[in-house]
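Novice: The amino acid sequence is not available; the structure is as follows:
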């Protein structure tokens, strides 16, 4: 994965966030993906979201597996540690990392090969554990680095570049996650960055596992007519089901009574996700209804996007384990080792 | 009854044949513990099936005043409690020995032998009379044969009473039924047979500074003492009790009453791929983390072990080996993961291995594993096995030096980072070829991209041959440098012999006993017990100093011998194999036989004559 260093250019007109950092400070090295790749728009949305929420760069940990999507953590927040691990294995590595230090913010960038095939089991279990992380799937229905094989998210009838239709049912990460008890589920489209930024910001405030499936077309192998993961197809069939704003904790919430048609969801950290519009009868905290809605719309060929489900009531993995407030990796040794006296008295049990 | 043979005091072997799932394990364990408390050297081997209930299971107890603890191959007393295996069990008793069996049902006459003594006791019948509940009747049958053995072997009555009181002190009803069951067996034996038999236990004082512990418990305890805070695992026989022990000791020592929080996290993973991934993630983030597994788990972990090796992340793996290949025999022992662990994963990879020989060393080496892993920023695998891990061994009391400080290796602090102009992950190597690492969450200046893809010494991606080679050559040099930090081999013997013997792990007691038996035949042998890999320099020296060295391997393919020929300069023909791979722990006699046979072979003599 080649990377090209990008010089940081500052301009006095650049706005600074709470930490006094400009958006440039959240960039990484130059992207080496194909020109027009949807993934670069996702990277841009992540940069924007992290800048807006004023994430201290060194407190972010960027996790990935293998694939085009997994390269992208090099393209944002150069001041954060990154871990480009092995194909499909991001979730367990992030799980261990989070167990060692829950004070970091974990963002994982994965793809449909990484998450829906080789690492599907790991993703499912990370969802079950409600691991505290933002998990982005850059979903393009195709294997890019190995040149155009169908992935598990390819729709039935979607055609490869050579014109062969896919015959197997797709794995939809959004519906899968909902069925596994995921506590934050959203879908975005890389062609609509503005819609993605508030979703990402809300995800960073979520208590537990936040899954964001982003339809991110592959311009080289899956952007032709006949593909259901192309820019054109997605634009034509996208159904923005919900429109949500993210109101961070530090902003005073003026309206205590929600406006007509506005639903506020309080996040665990005190921030608020404000749904400006949802379909009639839709409730982003009702899992069954969200599932039904998705089934219904997707069966009619629509690509449902938006923040689709939030549940802030489930303890994260760290809470479930009742692990210490001080990160385990930072506990002093004398708090960990019982010492010789304890060993002496323990050994009376071994006689 | 046959003429009683010569009385044997503190020197005999008992085998107990049971049905698994009937509660015999706790009765047999108590018997072993009673002998231990009488101060007599004793060892126990649990030979059990991969099954929950209903299949044959055996427990072997060897009593040896001379301290030999390898598995016995001849039994003086068979406690035959499983009709399914009578035929085989009765055949295994040495001529002149004893068979204690449940005479509630008649013994098939064809099973009788005229060279052994039969001790019929109607255990089931007596327990059915004394106890009402079906489960109690089954359980108490076990305690009643222990009662009979108290009479037959002259076990200190008080020791047994104390054990029952300790075990059931809080449950008086259970304690009373156990005591009653014990009495039933004891009295029947005293009334119907001359007690004790000429197999007798006599108090000694060999165990005052010893404990009775299994290796998995000791390893789990070692991980607590080493300061491990994250453990991830997928359940697999025979390693599961490592994590059970870690959990138990963490609950005891790592729960902070002030905050009500736990200073540890145990993650039950979805598979072994995830388990090692979690360990690597936690170690990358600066925690001491480990997993416990067995051969099939190591197979699955290969991929990420290579990632940890290449990206230089510490990780500790406790491999409690079982019989392979594939699923193999999960409840039987072997040393057959040696080559797999040494070179786990694709590409050029080599790992650090430790070979504990007993539970005490499992404790010490568990701690050592973390120090090595962090110092050399690489996975360390501790290769225990089912025999060490799941059997109770008599070992010296564990000791702990309170001045111990963990070796965290080269990790740059916030201040260190402020002092240097720029940080490059794989630069600035020390004499061990280790480069300093940084932890996330400390300082943006320490940020870098950890990757399993080709990288140069700056941590950047590369496909340039020279840059790639520079890093992998340093990794090879680092692996070699680790040899001096691996525990040196233990060398025993006159030092003057032309013949050597080499072993690892649980072969130790059998080899030591074999050496004594060979000495009685006038064959003097020097012994080297290797304790880790890469091999300490003393290993090659020993091999070069001996004209002929027997390499003991508990696997079919002579894996230790292969590793020695690959990693030292010793000529292959100077290493002879002694193999044992049926799944039972090694015994002394087969080692003696193999060596005597090979020494009498023409080619060996020719070699010796040179």
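Specialist: The structure has been received and is ready for your questions. For clarity, every value in this text was computed on a predicted model and none was experimentally measured.
Novice: Please make it C-alpha for all contacts and neighbour counts, starting now.
Specialist: Fine.
Novice: Tell me where the model's unsure across chain A.
Specialist: A:1-3, A:7, A:250-261 (pLDDT under 70).
Novice: same thing but at 50, please
Specialist: A:1, A:254-257 (pLDDT under 50).
Novice: same question, the stretch 101-250 of chain B
Specialist: In the stretch 101-250 of chain B, no residues with pLDDT under 50.
Novice: Kindly report the residues of it close to chain A.
Specialist: Counting by C-alpha under 8 Å from any C-alpha of the partner chain, the stretch 101-250 of chain B comes close to chain A at B:210-213, B:224-230, B:232.
Novice: how close does the closest residue to residue B:357 other than its chain neighbours sit to chain A?
Specialist: Excluding the flanking residues, the one nearest residue B:357 by C-alpha to C-alpha, 6 or more residues apart in numbering or on different chains is residue B:505, at 3.8 Å. Between residue B:505 and chain A the distance, using C-alpha to the nearest C-alpha, to the nearest Å, works out to 22 Å.
Novice: Am I right that residue B:505 is in contact with residue B:355?
Specialist: Yes - counting by C-alpha atoms under 8 Å, residue B:355 is a contact partner of residue B:505 at 5.3 Å.
Novice: Common neighbours of these two, please.
Specialist: By C-alpha atoms under 8 Å, 6 or more residues apart in numbering or on different chains, residue B:505 and residue B:355 have these common neighbours: B:383-384, B:531.
Novice: What is the nearest of those to chain A?
Specialist: residue B:384 (19.9 Å; C-alpha to the nearest C-alpha).
Novice: For the helix or strand hosting that closest one, name the packing helices and strands.
Specialist: Here residue B:384 sits within strand B:379-385, counting by DSSP states H and E. Under the contact criterion of 3 or more C-alpha pairs under 8 Å, 6 or more residues apart in numbering or on different chains; DSSP states H and E, strand B:379-385 touches helix B:295-311, strand B:315-321, strand B:352-354, helix B:359-376.
Novice: Determine the set of other helices and strands touching the helix or strand just after that strand.
Specialist: The C-terminal neighbour of strand B:379-385 among helices and strands, as given by DSSP H and E, is helix B:386-390. Contact partners of helix B:386-390 among helices and strands, from 3+ C-alpha pairs under 8 Å, 6+ apart: strand B:210-214, helix B:215-226, strand B:315-321.
Novice: any idea how far the first one is from the chain center?
Specialist: The one in question is strand B:210-214. In terms of C-alpha atoms, centre = their mean, to the nearest Å, the centre of strand B:210-214 is found 12 Å from the chain centre.
Novice: Which residues does it contact?
Specialist: A:347, A:350-351, B:33, B:36, B:359, B:388-397.
Novice: If any of these are buried, give me the PyMOL selection for them.
Specialist: To isolate the buried members of the contacts of strand B:210-214 in PyMOL, using 16 or more other C-alpha atoms under 10 Å in any protein chain shown:
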select buried, (chain A and resi 351) or (chain B and resi 33+36+359+388+389+390+391+392+393+394+395+396+397)
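Novice: Could you confirm whether the longest helix anywhere in chain A reaches chain B?
Specialist: Identified as the longest helix of chain A according to DSSP state H is helix A:38-52. No - counting by C-alpha under 8 Å from any C-alpha, chain B has no neighbours in helix A:38-52; the shortest distance is 15.1 Å.
Novice: Which elements pack onto that helix?
Specialist: Secondary-structure packing of helix A:38-52 (3+ C-alpha pairs under 8 Å, 6+ apart): helix A:193-205.
Novice: okay, the angle between the helix it packs on and helix A:38-52?
Specialist: Using axes from the mean of the first three to the mean of the last three C-alpha atoms, to 10 degrees, the direction of helix A:193-205 lies 60 degrees away from that of helix A:38-52.
Novice: Please name the strands paired to the next helix or strand after helix A:193-205 in the sheet, noting orientation.
Specialist: Next helix or strand after helix A:193-205 toward the C-terminus (DSSP H and E): strand A:209-215. The strands beside strand A:209-215 in its sheet (DSSP bridges) come out as strand A:133-139 (parallel), strand A:184-189 (parallel).
Novice: Buried residues in the one helix or strand residue B:146 maps to, which are they?
Specialist: Under the criterion of DSSP H and E, residue B:146 resides in helix B:134-153. Across helix B:134-153, burial judged by 16+ other C-alpha under 10 Å covers B:136-153.
Novice: Minimum pLDDT in the contacts of strand B:210-214, which residue is that?
Specialist: Of all those, residue A:351 has the smallest pLDDT value, namely 92.
Novice: surely that one meets residue B:33?
Specialist: Yes - using C-alpha under 8 Å, residue A:351 is in contact with residue B:33, at 7.3 Å.
Novice: What about residue B:490, how many residues nearby?
Specialist: 12 (other C-alpha atoms under 10 Å in any protein chain shown).
Novice: now swap in residue A:100 and tell me
Specialist: 32.
Novice: Then residue A:176?
Specialist: Going by other C-alpha under 10 Å, the residues that sit close to residue A:176 add up to 15.
Novice: repeat for residue A:18
Specialist: Residue A:18: 12 neighbours (other C-alpha under 10 Å).
Novice: Make sure it is actually in contact with residue A:55.
Specialist: No - under the criterion of C-alpha under 8 Å, residue A:18 makes no contact with residue A:55, lying 9.3 Å away.
Novice: so which helix or strand takes in the closest residue to chain B within the stretch 51-200 of chain A?
Specialist: Per C-alpha to the nearest C-alpha, residue A:96 is where the stretch 51-200 of chain A lies closest to chain B, at 3.8 Å. Here residue A:96 sits within helix A:90-100, counting by DSSP H and E.
Novice: Each with direction, which strands does whichever helix or strand comes after that helix pair with?
Specialist: For helix A:90-100, the following helix or strand on the C-terminal side (DSSP H and E) is strand A:105-111. With DSSP bridges as the test, strand A:105-111 is paired with strand A:60-64 (parallel), strand A:133-139 (parallel).
Novice: and the angle from the first one to helix A:90-100?
Specialist: When you say that, I think you mean strand A:60-64. Going by the same axes, to 10 degrees, strand A:60-64 makes 150 degrees with helix A:90-100.
Novice: Could you look up the next helix or strand downstream of strand A:60-64?
Specialist: Next along from strand A:60-64, by DSSP H and E: helix A:68-71.
Novice: ok, that following helix near chain B or not?
Specialist: No - judged by C-alpha under 8 Å from any C-alpha, helix A:68-71 stays clear of chain B, getting no closer than 10.3 Å.
Novice: and the stretch 1-150 of chain A, which of its residues are near chain B?
Specialist: A:1-3, A:57-61, A:74, A:78-86, A:89, A:92-101, A:104, A:121-122, A:125.
Novice: Would you show me how to pick out the buried ones of these in ChimeraX?
Specialist: A single ChimeraX command is used to select the members of those judged buried by 16+ other C-alpha under 10 Å:
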select /A:1,2,3,57,58,59,60,61,74,78,79,80,81,82,83,84,85,86,89,92,93,94,95,96,97,98,99,100,101,104,121,122,125
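Novice: Nice, that's everything, thank you.
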